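1. Sequence first, then the predicted structure, then my questions.
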Amino acid sequence: MKIVVILTPDTSGGVACRLLSQQAQDSIREALKLQRSGQAASIKIVVMGQPLQDSERLGLQQEGVVYRYVQTGERKPDAMELAELCVDIIGADRPDLMFVAHGDAESQSPLAHLLAELLEFRQADHELSNDGDNRTLVIREIGSGMQAVCLSALPSANNTSAYSCY
């Protein structure tokens with residue numbers, strides 16, 4: 001199983017680096033627990049907005065986690081823009097489980113639910129294939145529940161540069 005943990009931007013805008021929020025720590029801890037139990041083959045952390053502090057990034061890499069940083073521009077993206085970025089990440093990384101963690105408590109939004117609806121909308125034109133390429137993506141947002149989406153064909157990214165990593 002491939003796991004991707006999405007850390008959405010916090011509201012501190014101009015801060016060069018950030019500390020992990022409690023929700024982010026919980027999401028990463030749960031992903032690492034699955035990996036240690038043998039249920040997950042790989043974990044990728046995708047940080048949007050401000051990069052993590054070097055000590056946190058290095059600690060995650062020592063745990064075997066792949067770290068990616070995505071610049072989101074001058075302003076904090078809204079929930080729909082974040083959902084579109086997540087669709088690009090799903091298309092590129094093909095995770096089986098995605099954790100969504102917010103940068104801070106004030107930025108809570110039902111991103112997992114919005115992402116699931118967006119994926120289902122994009123899948124509406126595709127029939128489920130009989131060739132076994134169908135798969136289920138589980139999206140978990142700590143404190144907001146879980147969504148499951150059956151994907152018959154991965155959504156194609158309209159803007160492939162949206163998921164540029166540093």
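-> That came in fine, so what should we check first? Numbering: from 1, shown residues only.
2. for the protein, what spans make up the strands?
-> With strands called from DSSP state E, the chain shows them at 2-7, 42-48, 66-70, 97-101, 135-141, 145-151.
3. so where's the protein uncertain?
-> By pLDDT under 70, the weakly predicted segments of the chain are 10-18, 103-109, 123-134, 142-145, 152-166.
4. and with 80 instead?
-> Residue ranges of the chain with pLDDT under 80: 9-21, 49-50, 71-77, 79, 102-114, 120-136, 140-166.
5. unless I'm mixing things up, Ala31 is touching Met1, no?
-> No. Counting by Cβ atoms under 8 Å, Met1 is not a contact partner of Ala31; they are 10.1 Å apart. No exception for glycine: its C-beta is placed from N, CA and C like everyone else's.
6. For those two, indicate the residue with more neighbours.
-> For Ala31 and Met1, the more surrounded residue by other Cβ atoms under 10 Å is Ala31, and the numbers stand at 24 against 14.
7. Tell me who's in contact with the more buried one.
-> By Cβ atoms under 8 Å, 6 or more residues apart in numbering, the contact list for Ala31 reads Ile3, Val5, Ala40, Ile43, Val65, Leu97, Phe99.
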